[in-house]
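J.: need a 3D model of the following:
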Amino acid sequence: MEITGKIHSTKKEFLYALKFTQEDVIKTRQEKELRLYAINRAMRSGNAVKNKVRIYFKDSLNRVIFIYTTVWGVTKNDVILKKGVTIPIKSIIEID
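T.: The predicted structure is shown next:
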């Protein structure tokens with residue numbers, strides 16, 4: 001999925017104040033599979049050598065936001081960051 005428009009930056013300490021989109025930002029099955037692959041790759045890299053990635057996601061106001069952080073875990077619905085902070089997978093546009 002191509003990201004267009006203004007991109008806002010944030011830190012994980014401020015994620016608790018955001019509300020996330022209720023609908024999945026990605027519509028096709030193939031793009032969802034690629035997103036999940038990127039999430040799992042980021043988690044393995046984060047756990048092995050503490051690599052950080054950029055996570056681009058949408059909030060409930062349809063703003064594109066990115067965070068530069070380490071992915072520590074993944075559940076069925078969420079990406080887990082340090083200190084138990086989570087981002088819903090359905091809100092994630094891209095990870096690089």
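J.: can you pull the pLDDT of the residue nearest to Leu18 when sequence neighbours are not counted?
T.: Leaving aside its chain neighbours, Leu18 sits nearest to Asp59 (5.0 Å; criterion: C-beta to C-beta, 6 or more residues apart in numbering). (C-beta placed from N, C-alpha, C; glycine too.) Asp59 carries a pLDDT value of 94.
J.: ok, Lys52 next?
T.: 95.
J.: so what's the residue count around it?
T.: 13 (other C-beta atoms under 10 Å).
J.: check whether it really touches Thr70, as I assumed.
T.: Yes - using C-beta atoms under 8 Å, Lys52 is in contact with Thr70, at 5.2 Å.
J.: by contact count, what packs against the helix or strand of the chain with the lowest mean pLDDT?
T.: One helix or strand of the chain scores below all others by mean pLDDT, DSSP states H and E: strand 7-9, with a mean of 91. Contact partners of strand 7-9 among helices and strands, from 3 or more C-beta pairs under 8 Å, 6 or more residues apart in numbering; DSSP states H and E: strand 64-69.
J.: ok, residues contacting the strand it packs on?
T.: Outside strand 64-69, the residues within contact range by C-beta atoms under 8 Å, 6 or more residues apart in numbering are 3, 5-12, 15, 18, 52-59, 81-82, 87, 93.
J.: Phe57 and Ala48, how far apart?
T.: 24 Å (C-beta to C-beta, to the nearest Å).
J.: these two: who's more crowded?
T.: Neighbour totals were compared for Phe57 and Ala48, and Phe57 leads with 25 against 8 (other C-beta under 10 Å).
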